[in-house]
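Asks: Output the structure for:
(chains A and B)
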Amino acid sequence: MTLSRRSFLEYCGLSAAIIGLSSSKLGFLAEALAAPNAPSVIWLHGSSCTGDSISLLNRIADAFPTSVADVLTGAVNLVFHGTLMTPAGDAAVSELKRVYDSGNYVLVLEGGVPTAFHGGPCIVYSLNGVETTYMQAVQDMSAKALSIVCAGTCSSFGGIPASGSNPTRVRSIHELTGRTTINISGCPANPDWVIWAIVQLLTATPVTLDADGRPTALYATRLSGATTPALVHDKCPRNNLVNVNAPPEATSFTNCDGRCTMQLGCRGPFTKSRCDGQWNTTATDPNNPPNMRWRNNWCIGVNANCIGCVEKTFPGPQSFYEPYVV
Amino acid sequence: MPILLAAIDPVTRIEGHLKVDIEVDTVGGVQQVTGVRTCGTLFRGFEKVLEGRDPRDAPLITSRICGVCPTSHAQAAVLALESASGRGVPGPARILRNLVHGACYLESHLLHFYLLSLPDYIQGLGMPPWTPGFEMDRRVDKATSDLLTAHYLEAIGMRRRCHEIGALFGGKLPHTSSFIAGGFTAVPSQPNLDAFATGLDEILNFINTRYLPDVERLSSIYSDYFFIGRGYGNLLSYGVFELDNTNMTKLVKAGRIVNGAGAVQPVNAAAITEDVTHSWYRDADNNLNPSVGESNAEYPKSEAYSWLKSPRYSGVPYECGPLARMWVNGDYTNGISAMDRIRARAYEALKIATAMKSWHSQILAGDSTYNEDWLTPQSATTMGLTEAPRGALGHWLQIADGKIARYQVITPTCWTISPADGANQPGPLEQALFGTPVANVSHPVEALRVIHSVDPCLDCATHVMYARDAQTR
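Replies: Numbers count the residues shown, from 1 in each chain, chains lettered A, B, ... in the order given. All right, here's what the predicted structure looks like:
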């Protein structure tokens, strides 16, 4: 059951072509993971719904490691994760403190930061009997971290909790700290993309970010490379400029099956993401090529609107069910 | 012997943020919990986000309250909107909602037993995030422990499988966009129906050959937990999984049980109030029904120790969740305790998975799933009651001029992990923790077992305040 380092490297080899990891980097990964001082991963929750952690558990890679169990037992030294870890209370916090003091960690943050009441709406732990807010923990831990990954739209951009007039005044990690964060936005974050980011960091691979701090490899291009369109609509099989056989646009949810729902509020024309075929694989036909196997598993695949959940502007005040206006 | 104090902060293997303060003393020769405070340490302020939005946005926005039970929030929201509109949905839409919601129940129950609860009893894997473990009574022999650890790893994949079959019709999970007012976006296709059936059979097989036997193994080794963590014995269910288009007949019925005995009592939402005596909200908003609830955050506040309010039914605390549902429905009568909660949850997984098989057989490829006469109400006061995996979930809202004017949510964890109320009645989990034996106050694993038996979800619980004008300077 336990994944060996070797099979983890095989995974990275398989995906190297996809994610642009050079063979020299693979060699470095082997070295990095074997090193006794390989960085640990600290995953902290703020004002979150835990959806990004639940999504992480849905890791769907087609090659090893196929599940998060493989990742945790074979690849990533996850020293703190509130949902998964066995220790609680002092035992958990002292482990966290030990790794924090070492400075040798990648910090993954899930959930935005409530800044009202001096951070009081979110207490993450007590240390020596003193409560620590998420706001304080983020300030402290981001200062020493090797790098920071924001898992999900809330930590990346504020997301739904930062919209409207939420009295807790939620802010993104970047807004709070001013630091560079690698934003794996999405509501929830796609599990493969989160693991991808962590692997890049463990191998010290430079990650090119777009203006919103998102890796261009994940949001502005497709798996196959940089030449295909970034916008969801520009690669959607329901768009008849993409697929001449696409039926006419839907005008109601009564006739939406298989049709473009732009008139019903789909934000695909305004959303940069490679969501197409990236969610909850069911591997219904293992004979299909990997990129076809989970073709139906995305919001649009079930006639639902793309709601633009990876974007900095999400959710915005506009209705999800009226044509989107920039 | 002096009274010992311990703070468990954070309580891990939950969703959200929870601190539990316990006071331990020796009574009758047994060192045990003699005082307790459960402190919800996360306030999300979600309801204000909904004000002024299109009412149809409510299922999508409220889903984001919880990454473990997003479909329960979506379901409560569509039920509320459809009740206000007076328009129902086609049968296949009702069934697809039940199938996706049911898949999320199965995911949540497997997640709870294997990932969140089991590490309270076995050593687990010798690496982070499972180390360092607890100093505790290790009663599980090595062979059984190895077996359970192997099943733990299998369960990670099997709970993912639950989301995969849900995503066949939901598009992606967690957080599907398929629940819409007036119906459901997906139209079933034969390949998706077939894939769903295959996956559901795999999950049913796992429940029968792993989950239930593992729960029985654990409950025989730790049989003393049938006598620990009882609490009040007050059990509440709103009912869930509509079986016909009137929404009146449900797989899981609504009802109440008082002190673990007697006939099932009806549920009337008008009897629900929220006490804020020990919550960080102004006392002026005390004991209001959620349909008119007001909450003005006040932090700090001298008597308060939690961001959760204290929902009460006719002034009485109730716990909710699988044990409450199974008991109210006559499906489980063994007892009320930490271990009974774990067992009832497992048998409920079997009940729901079995029902899902029959629902699946009631729909056909190409069935219509949207009410073409749907009209979004422009003005309404309405509510939607359902059950999340963790228990009773209610949404109360008002619509004015076609926009959401106010929104109020009471989640299951708010019922179960509420602080003490103005009559000094402890919350249900607090009550359940009293008398729990604690061998080593530095490693109070016995208390954690009781805490985990109710499956806390603080993400859900603490957004529930409608914190009007709570900006601080």
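Asks: which ones are touching residue B:344?
Replies: Residues near residue B:344 by Cβ atoms under 8 Å, 6 or more residues apart in numbering or on different chains: B:322-323, B:325-327, B:332. Where C-beta positions appear, they are placed from N, C-alpha and C, glycine not excepted.
Asks: mind listing the strands for the stretch 101-250 of chain A?
Replies: In the stretch 101-250 of chain A, the strands defined using DSSP state E, counting those that start in this stretch lie at A:105-110, A:113-114, A:123-127, A:130-133, A:147-151, A:170-171, A:182-184.
Asks: would you list these in CSV and tack on distance to residue A:203?
Replies: Listed next are the strands of the stretch 101-250 of chain A as CSV, based on distance: least, Cβ to Cβ, whole Å:
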stretch, distance to residue A:203
strand A:105-110, 11
strand A:113-114, 29
strand A:123-127, 29
strand A:130-133, 31
strand A:147-151, 12
strand A:170-171, 31
strand A:182-184, 14
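Asks: Return the most buried member of those strands.
Replies: strand A:113-114 (a mean of 30; mean count of other Cβ atoms under 10 Å in any protein chain shown).
Asks: sorry, back to before: and the strands of the stretch 101-250 of chain A: which comes nearest chain B?
Replies: Across the strands of the stretch 101-250 of chain A, chain B has its closest neighbour in strand A:123-127 (3.7 Å, Cβ to the nearest Cβ).
Asks: Which strands or helices does that closest one pack on?
Replies: With contacts defined as 3 or more Cβ pairs under 8 Å, 6 or more residues apart in numbering or on different chains; DSSP states H and E, strand A:123-127 has these neighbours: helix A:89-102, strand A:130-133, helix A:134-144.
Asks: Okay, now stretch B:410-427: how far is its last residue from its first?
Replies: One end of stretch B:410-427 to the other measures 15 Å (Cα to Cα, to the nearest Å).
Asks: Mind listing what's buried along that stretch?
Replies: Going by neighbour count (16 or more other Cβ atoms under 10 Å in any protein chain shown), the buried part of stretch B:410-427 is B:410-422, B:425-427.
Asks: Repeat that for stretch B:163-179.
Replies: B:163-179.
Asks: Can you flag which of these belong to helices?
Replies: Among the buried residues of stretch B:163-179, the residues falling in helices (DSSP state H) are B:163-170.
Asks: of those residues, closest to chain A?
Replies: residue B:167 (3.5 Å).
Asks: List the single closest residue to that closest one in space, sequence neighbours excluded.
Replies: Of all residues not flanking residue B:167 in the chain, residue A:280 sits nearest, at 3.5 Å (Cβ to Cβ, 6 or more residues apart in numbering or on different chains).
Asks: Now do the same for stretch B:105-122: mean pLDDT, whole number.
Replies: Stretch B:105-122 shows a mean pLDDT of 96.
Asks: before we move on, what about stretch B:291-299?
Replies: Per-residue scores along stretch B:291-299 average to 84.
Asks: and residue B:114, what does it touch?
Replies: B:151-152, B:155-156, B:159.
Asks: Which parts of the stretch 201-350 of chain B are helices?
Replies: Secondary structure of the stretch 201-350 of chain B (DSSP state H, counting those that start in this stretch): helices at B:212-221, B:322-328, B:338-360.
Asks: Hey, what's the angle from the longest one to helix B:212-221? Just curious.
Replies: Meaning helix B:338-360. With axes from the mean of the first three to the mean of the last three Cα atoms, to 10 degrees applied, the angle from helix B:338-360 to helix B:212-221 works out at 170 degrees.
Asks: Can you tell me the SS state at the residue in chain B positioned nearest to chain A?
Replies: Here chain B gets closest to chain A at one residue, residue B:67, 2.5 Å apart by Cβ to the nearest Cβ. Following DSSP: H, G, I helix; E, B strand; the rest coil, the label given to residue B:67 is coil.
Asks: which phi and psi does the closest residue to it other than its chain neighbours have?
Replies: Closest residue to residue B:67 apart from its sequence neighbours, by Cβ to Cβ, 6+ apart: residue A:51 at 2.5 Å. The phi/psi pair for residue A:51 (degrees, to the nearest 10) reads phi -60, psi -30.
Asks: In contact with residue A:51, which residues?
Replies: Contacts of residue A:51 by Cβ under 8 Å, 6+ apart are A:152, A:187-188, B:64, B:66-68, B:70, B:174-175.
Asks: tell me which residues of stretch B:434-452 are tucked away?
Replies: B:434-436, B:438, B:443-452.
Asks: Which of those fall in helices?
Replies: Counting by DSSP H, the buried residues of stretch B:434-452 place B:445-452 in helices.
Asks: would a markdown table of these with pLDDT be doable?
Replies: Shown next, in a markdown table, are those (pLDDT from 0 to 100):
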| residue | pLDDT |
| --- | --- |
| B:445 | 94 |
| B:446 | 96 |
| B:447 | 95 |
| B:448 | 95 |
| B:449 | 97 |
| B:450 | 97 |
| B:451 | 97 |
| B:452 | 97 |
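Asks: ok, and which of those residues reach chain A?
Replies: Contacts with chain A within those, counted by Cβ under 8 Å from any Cβ of the partner chain: residue B:448.
Asks: For residue A:243, which non-adjacent residue is closest in space?
Replies: residue A:237 (4.8 Å).
Asks: ok, the one you found - how many residues close by?
Replies: Residues within reach of residue A:237, counting by other Cβ atoms under 10 Å in any protein chain shown, total 16.
Asks: same thing with residue A:58?
Replies: Close neighbours of residue A:58, defined as other Cβ under 10 Å, add up to 28.
Asks: Does the closest residue to it other than its chain neighbours lie in a helix or a strand, and which?
Replies: In this structure, residue A:58 finds its nearest non-sequential neighbour in residue B:160, 4.9 Å apart by Cβ to Cβ, 6+ apart. Using DSSP states H and E, residue B:160 falls within helix B:142-170.
Asks: Now do that helix: distance to the chain's middle.
Replies: 20 Å (Cα atoms, centre = their mean, to the nearest Å).
Asks: quick check: angle from that helix to helix B:338-360?
Replies: 40 degrees.
Asks: give me every residue that touches the residue nearest to residue A:58.
Replies: Here residue B:160 is in contact with A:57-60, A:67 (criterion: Cβ under 8 Å, 6+ apart).
Asks: how deep is residue 81 tucked in, by neighbour count?
Replies: I'll assume chain A. Number of residues near residue A:81 (other Cβ under 10 Å) recorded here: 22.
Asks: Can you look at chain B instead?
Replies: With other Cβ under 10 Å as criterion, residue B:81 counts 26.
Asks: Phi and psi next, for the residue nearest to it when sequence neighbours are not counted.
Replies: Spatial nearest neighbour of residue B:81, excluding adjacent residues (Cβ to Cβ, 6+ apart): residue B:181 at 4.2 Å. When quoted as degrees, to the nearest 10, the phi and psi of residue B:181 stand at phi -60, psi 130.
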